[in-house]
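# Let me see the structure of the following:
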Amino acid sequence: MELSIIQSKIYTIRGQKVMLDHDLAELYGVETRVLNQAVKRNMERFPSDFMFRLTVEEWESMSSQFVMTSQMKRPKSALPLFFTEHGVAMLSAVLRSDIAINISIQIVRAFVTIRQALSAPQQPDRYEDLRQYMEEILIDQNEINEDTRMQLELINLTLAELQMEKRIQDKPRRPIGYKKPDGASMAD
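Numbering: from 1, shown residues only. Alright, predicted model coming up:
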């Protein structure tokens with residue numbers, strides 16, 4: 001599994017890097033309820049610094065961030081569990097499968113990579129590179145916006161011309177053909 005996929009499932013909640021029970025279950029290839037049952041049977045292995053449950057208010061304010069786990073899919077009484085790096089490591093012991101062990105190792109590596117990236121001293125050149133890159137993106141965006149504006153003006157002009165042509169065509173015309181002696185045309 002790619003490290004970036006795992007890293008995208010690591011959130012910062014209450015100042016800690018954590019993973020959602022639903023995401024972990026998906027990675028381990030088990031149902032969320034199976035993962036939660038295994039945890040429930042082994043609660044002594046999951047102290048509060050390994051795992052915690054959100055309050056109703058926290059979950060309601062955050063659930064829009066978790067597209068995969070909407071409030072509709074989870075009963076209100078079953079608030080999600082969030083696991084810290086240590087809790088994820090403990091899950092491999094609780095689930096006891098080769099997949100769980102391998103995934104746990106990869107997840108712990110993802111946590112370590114994030115921690116190293118956050119603690120590494122930032123290089124000034126990198127900030128300059130990022131600033132320059134952002135400026136280039138803004139310039140490109142402005143050019144695209146200008147091109148789009150010009151294209152819309154061209155479309156509006158074309159539409160105006162078509163409307164004028166339609167108005168000209170909509171003028172009543174004299175019928176073509178011979179007229180009957182009583183004034184009606186033969187085409188009628």
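# got any ranges where this structure has weak pLDDT?
1, 63-77, 120-125, 171, 173, 183-188 (pLDDT under 70).
# 80 instead, please
1-4, 58-78, 92-93, 96-98, 100-101, 104, 115-129, 131, 137-149, 166-188 (pLDDT under 80).
# in the chain, which spans are helices?
3-7, 21-28, 32-41, 56-62, 85-95, 98-119, 124-169 (DSSP state H).
# Give me the helices and strands touching the third one, please.
To tie it back to what came earlier, the one meant is helix 32-41. When contacts are defined as 3 or more CB pairs under 8 Å, 6 or more residues apart in numbering; DSSP states H and E, helix 32-41 packs onto helix 21-28, helix 85-95. C-beta coordinates here come from the backbone N, C-alpha and C atoms, glycine included.
# Not counting that helix itself, show me its contacts.
21-22, 24-25, 28, 46, 51, 78, 81, 91, 94-95 (CB atoms under 8 Å, 6 or more residues apart in numbering).
# got the CA coordinates for that helix in CSV?
What follows is helix 32-41, C-alpha atoms only, in CSV (Å, rounded to 0.1, in the frame of the first residue of the first chain):
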residue,chain,number,x,y,z
THR,A,32,-15.7,-1.5,11.1
ARG,A,33,-17.9,-3.4,13.6
VAL,A,34,-15.4,-6.3,13.6
LEU,A,35,-12.6,-4.0,14.4
ASN,A,36,-14.6,-2.2,17.1
GLN,A,37,-15.6,-5.6,18.6
ALA,A,38,-12.0,-6.7,18.8
VAL,A,39,-11.1,-3.5,20.6
LYS,A,40,-14.0,-3.8,23.0
ARG,A,41,-12.9,-7.3,23.9
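# Okay, buried residues for it please.
Using 16 or more other CB atoms under 10 Å as the test for burial, helix 32-41 gives 32, 35-36, 38-39.
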